[in-house]
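In: Show me the folded form of this:
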Amino acid sequence: MKTIWSKDALPLVPPRFRSIYRYLLPGIDVGIAGFGLWSLVIGSKIVEDFTVPVFLVAWASMILIGAVGAFASLAVMNDKVELVGRIMVELGLAVYAVLTIAYIFRGNVTSILTLTLVGIRMYASLWRIFDIIGEMLRKEREQAAQRHAESRGA
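Out: Numbering: from 1, shown residues only. Model (predicted):
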């Protein structure tokens, strides 16, 4: 089975950027999965203060499942499943960012660091979401051009 760690796995990515796909993105996914698991098992004061308990479980589960799905599908290079996982993570982090901002407005200024770290992770997830969409569009254009060439030659 071909994975992102295979020798010839990323032929279109310049060698100096391959470590982003092989190490940085998986590391972020593991960190976010840990965040989701921690929130599921231990809880999250920010989310608990603003929502009902069942929301905390659903929110943490969505982040955990999304991060694990994104990691696994990145590893085996399945763009569509990775996209779904990353969107799940992005939605979960967006909810957390909004609740953190509300927490800050309540007077808890120590949450500014949390908001900064969530913002960095959201930025990384958004970058990969747009990267995946760009790749899917490029592949679709190539397939459309190939079909058009075949239909003209037939």
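
In: could you list every residue that touches the residue nearest the centre of the chain?
Out: Using C-alpha atoms, centre = their mean, the residue of the chain that lies closest to the mean C-alpha position is residue 86, 2.9 Å off. Listed by C-beta atoms under 8 Å, 6 or more residues apart in numbering, the contact set of residue 86 reads 66, 70, 125, 128-129, 132. The way it works is simple: take the backbone N, C-alpha and C, and place the C-beta from them, glycine included.

In: Just checking: the least confident one among the residues you listed is which?
Out: Lowest pLDDT within those is found at residue 125 (90).

In: By neighbour count, which of the contacts of residue 86 wins?
Out: The member of the contacts of residue 86 that has the most neighbours, counting by other C-beta atoms under 10 Å, is residue 70 with 30 neighbours.

In: Read off the pLDDT value for the closest residue to residue 96 other than its chain neighbours.
Out: Nearest in space to residue 96, with sequence neighbours left out and distances taken as C-beta to C-beta, 6 or more residues apart in numbering, is residue 118 at 5.7 Å. Reported pLDDT at residue 118 in the predicted model: 92.

In: Measure how buried residue 118 is and give me the count.
Out: 19.

In: helices or strands up against the host helix or strand of it?
Out: Secondary-structure assignment from DSSP states H and E places residue 118 in helix 111-153. Secondary structure elements in contact with helix 111-153, counted by 3 or more C-beta pairs under 8 Å, 6 or more residues apart in numbering; DSSP states H and E, are helix 25-41, helix 79-105.

In: Take those and write them to JSON lines, including distance to residue 17 and mean pLDDT.
Out: Written out in JSON lines, the entries for these read as follows (distance: least, C-beta to C-beta, whole Å; pLDDT from 0 to 100):
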{"stretch": "helix 25-41", "distance to residue 17": "11", "mean pLDDT": "95"}
{"stretch": "helix 79-105", "distance to residue 17": "17", "mean pLDDT": "94"}
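
In: and of those helices, who's closest to residue 49?
Out: Among those, the nearest to residue 49 by C-beta to C-beta is helix 79-105 (7.0 Å).
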